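just to be clear, the model below is a prediction. Sequence and coordinates:
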Amino acid sequence: MDIKKILISQPRPLTDKSPYFDIERRFGVEMTFKPFIRVVDLSPKEFRLQKVSVSNYNAIVLTSKTAADHFFSLTGELRIRLSEDLQYFCLNEHIANYLQKFIVYRKRKIHFSREANMEELAQIMRRHSAELRFLMPVADVHKEDLTVFTKAKVQLTTAVMYRTVSSVITPEEIASFDMLCLFTPAGIQSLFDNNPDYKQGSQLISVFGPSTLRRAEEMGLRVDVVAPTPEIPSMASAVQKYLLDHEDELET
């Protein structure tokens with residue numbers, strides 16, 4: 001077994017303190033960072049086809065910074081005037097603080113889950129459900145479990161405001177790596193969009209999350225590394241464990 005080149009299908013870390021660079025130094029492998037997907041706004045025309053009027057809602061539910069970016073970008077392009085009375089319900093405090101990029105934070109009612117989980121967020125929303133109408137911006141293919149809101153008896157409308165599209169990567173480039181690290185079902189789809197005749201062979205596949213694992217198996221891939229687990233919380237730690245477990249087999 002010879003693992004020299006590993007593709008991480010995400011943007012390159014902003015600092016040199018990433019554990020991926022520790023793996024490079026320790027095992028003498030080369031990490032390449034190349035997102036398999038990118039996120040783009042829906043066009044105003046595409047959004048209007050959903051027949052969702054943002055002005056009919058007085059509460060916006062945001063589960064990621066990406067959702068916030070595209071909500072404010074698209075409403076700006078549509079020239080929708082957002083009321084100062086609009087309330088925001090965020091999955092965690094980081095997203096809540098991120099809203100300062102778009103609004104005067106101190107003048108708005110902003111709520112967030114301190115435990116950063118959907119169940120707690122749904123319960124917070126439930127306490128306000130009598131007077132608020134909730135709208136959640138989502139991607140065309142989203143992974144949020146919306147059943148938590150149904151169980152909490154919260155009425156929620158979703159509106160697709162952005163979508164994922166495959167980045168371009170050639171079959172030859174894909175084949176040049178010994179291991180591919182994929183993080184989303186859309187990343188799995190991008191692999192086949194770029195190489196419809198993809199054959200895995202001895203190439204190793206590492207996936208993050210149950211939905212990505214499920215999609216990989218649906219596409220007939222052999223999954224060699226899975227994260228997260230209770231013992232392995234991240235993709236970097238999963239890759240490191242695999243290399244450690246197979247250190248004696250690696251060719252130097």
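Happy to help now that I have it.

CA atoms of stretch 39-54 as PDB?
What follows is stretch 39-54, C-alpha atoms only, in PDB (Å, rounded to 0.1, in the frame of the first residue of the first chain):
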ATOM      1  CA  VAL A  39     -22.700  27.100  -3.300                       C
ATOM      2  CA  VAL A  40     -24.500  29.700  -5.400                       C
ATOM      3  CA  ASP A  41     -27.600  31.900  -5.100                       C
ATOM      4  CA  LEU A  42     -30.800  31.000  -6.800                       C
ATOM      5  CA  SER A  43     -31.700  33.600  -9.400                       C
ATOM      6  CA  PRO A  44     -34.700  35.900  -8.500                       C
ATOM      7  CA  LYS A  45     -36.700  34.100 -11.200                       C
ATOM      8  CA  GLU A  46     -36.000  30.700  -9.700                       C
ATOM      9  CA  PHE A  47     -36.900  31.900  -6.300                       C
ATOM     10  CA  ARG A  48     -40.200  33.500  -7.400                       C
ATOM     11  CA  LEU A  49     -41.300  30.100  -8.900                       C
ATOM     12  CA  GLN A  50     -41.600  28.800  -5.300                       C
ATOM     13  CA  LYS A  51     -44.300  31.400  -4.600                       C
ATOM     14  CA  VAL A  52     -42.900  32.200  -1.200                       C
ATOM     15  CA  SER A  53     -43.300  35.800   0.000                       C
ATOM     16  CA  VAL A  54     -40.600  36.700   2.600                       C
END
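
tell me which residues in it are buried?
Neighbour-count burial for stretch 39-54 flags 39, 41, 42, 47, 52, 54 (criterion: 16 or more other CB atoms under 10 Å). Bear in mind the C-beta positions are built from the backbone N, C-alpha and C, glycine included.

from these, pick the one nearest residue 239.
residue 39 (24.5 Å; CB to CB).

how close does the closest one get to residue 184?
Taking CB to CB, to the nearest Å as the measure, residue 39 falls 11 Å from residue 184.

cool, residue 111 as well?
Separation of residue 111 from residue 184 (CB to CB): 27 Å.

of those two, which one has the most company?
Between residue 111 and residue 184, residue 184 has the larger neighbour count (other CB atoms under 10 Å), namely 21 against 16.

how about the contacts made by the residue nearest to the more buried one when sequence neighbours are not counted?
Spatially, and ignoring its direct neighbours in sequence, residue 184 is nearest to residue 212 (5.7 Å; CB to CB, 6 or more residues apart in numbering). Counting by CB atoms under 8 Å, 6 or more residues apart in numbering, residue 212 touches 182, 183, 184, 185, 187, 188.

try 10 Å this time
143, 182, 183, 184, 185, 186, 187, 188, 206, 223, 226, 227 (CB atoms under 10 Å, 6 or more residues apart in numbering).

next, count neighbours for the fifth one.
The number of residues packed around residue 185, counting by other CB under 10 Å, is 22.

quick one, phi/psi of the closest residue to it other than its chain neighbours?
Distances taken as CB to CB, 6+ apart place residue 215 nearest to residue 185, at 3.8 Å, with adjacent residues excluded. Torsion angles at residue 215 (phi, psi; degrees, to the nearest 10) stand at phi -70, psi -40.

how far away is residue 215 from residue 39?
Applying CB to CB to residue 215 and residue 39 gives a distance of 18 Å.

which residues touch the spatially most central residue of the chain?
Geometric centre of the chain, nearest residue: residue 184, 6.9 Å, by CA atoms, centre = their mean. By CB under 10 Å, 6+ apart, residue 184 lies in contact with 9-10, 36-37, 141, 143, 164, 190, 207-209, 211-212, 215.

so for those, which is the shakiest by pLDDT?
Note: of the contacts of residue 184, the lowest pLDDT belongs to residue 143, at 63.

low-confidence ranges, the protein, go.
Scanning the chain for pLDDT under 70 picks out 1, 106-108, 142-144, 249-252.

which strand of the protein spans the most residues?
Looking across the chain with DSSP state E, the single longest strand is strand 156-166.
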